[in-house]
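**Student:** Need coordinates for the following:
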Amino acid sequence: MNTEKTNGNGVLHIKKALKRFGGRTVVDIENVNIGTHPIEGLIGPNGAGKSTLINLITRRLRMTEGEILYYRDGAAIENARKNIDELARLNLVRSNQVIQDFASLTIIDSMILANTDPKHEKFYKLFNEKEVRELAKDKIDYYLDYFHFDFPEGHALSAGEKKLLDIIRCLILSPKFLLLDEPTAGLPQDQTDKVIELLLKKTAEEDMKVLIVEHDLDMIWRICDYIHFMAEGQILLQGTAAEVKGNETVKKKYIGEESDA
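**Tutor:** Residues are numbered from 1 along each chain as shown. Model (predicted):
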């Protein structure tokens with residue numbers, strides 16, 4: 001298993017992590033580090049436990065046993081002692097597989113909300129204080145220029161726009177560690193390419209690590225520096241794209257299944 005740089009900035013150390021639902025074990029990971037490379041992938045068949053693992057990392061679910069440590073600025077933070085909001089403020093951020101948005105907010109206002117300090121997170125402050133909007137302006141202009149929404153003063157209507165807006169809100173938080181759960185699902189190819197380009201740029205130029213959970217294997221092979229293969233609740237294999245892609249277990253349990261779909 002990958003055991004290098006356990007105390008590096010933006011690294012997650014997962015140790016003896018166990019999650020059971022009733023009598024069924026869905027995650028059983030002995031000792032794994034995630035985030036020792038700029039962009040990593042988490043792949044595996046449906047039901048492998050990938051989304052459950054993401055939920056354990058971000059505290060949407062509680063572990064049955066074990067620990068997850070998040071290393072930030074030289075300090076080890078035990079995830080079990082934080083809630084999801086506290087982890088986000090510590091720059092451990094995730095996107096949503098199923099989009100959760102404020103349908104009443106415009107695209108621009110959703111970006112403003114993502115950029116707002118906790119002290120301003122009241123609607124009467126958020127949209128009435130000039131200071132709040134001015135602080136968000138540069139970031140908002142950057143993403144609007146980059147992705148070119150047709151009508152940013154309006155609402156995100158399509159699944160693709162909502163997915164893209166969810167990713168942007170995560171990036172506005174300036175994450176140290178960003179977990180993306182099927183980020184390109186519903187996106188047209190041109191926007192998918194822009195997301196990939198931006199992730200490569202930010203991990204190269206900023207202190208940010210990314211873990212991508214994705215069934216689009218072409219994207220995984222193309223963008224990921226390191227890949228974790230998960231099946232039956234366990235991380236069975238780790239390595240480069242070439243190493244994972246050529247492994248017989250991966251071919252049998254996953255790639256063959258995908259190619260027959």
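**Student:** and stretch 241-255, how far apart are its ends?
**Tutor:** 13 Å (CA to CA, to the nearest Å).
**Student:** Distance of Arg81 relative to Gly10?
**Tutor:** 18 Å (CB to CB, to the nearest Å). Every residue, glycine included, has its C-beta placed from N, CA and C.
**Student:** The two - which one has more neighbours?
**Tutor:** Taking other CB atoms under 10 Å, Arg81 and Gly10 do not tie; Gly10 has more neighbours (24 against 9).
**Student:** Would you mind confirming that the more buried one is in contact with Tyr71?
**Tutor:** Yes - with contact defined as CB atoms under 8 Å, Gly10 reaches Tyr71; the gap is 6.9 Å.
**Student:** Whichever strand or helix holds Leu164 - what's its average pLDDT?
**Tutor:** Assigned by DSSP states H and E, Leu164 belongs to helix 159-172. Here helix 159-172 scores 89 as its mean pLDDT.
**Student:** Residues in contact with it: which ones?
**Tutor:** 93-96, 99-101, 107, 110-111, 113-115, 136, 139, 143, 147, 149, 156, 178, 180, 183-188, 191, 195, 198, 202 (CB atoms under 8 Å, 6 or more residues apart in numbering).
**Student:** Out of these, which end up buried?
**Tutor:** Those of the contacts of helix 159-172 that meet the buried threshold are 93-96, 99, 101, 107, 110-111, 113-115, 136, 139, 143, 147, 149, 156, 178, 180, 183-187, 191, 195, 198, 202, by 16 or more other CB atoms under 10 Å.
**Student:** Just give the nearest non-adjacent residue to the spatially most central residue of the chain, would you?
**Tutor:** Nearest to the mean C-alpha position of the chain, by CA atoms, centre = their mean, lies Leu179 at 1.5 Å. Nearest residue to Leu179 in three dimensions, chain neighbours excluded: Arg94, at 4.1 Å (CB to CB, 6 or more residues apart in numbering).
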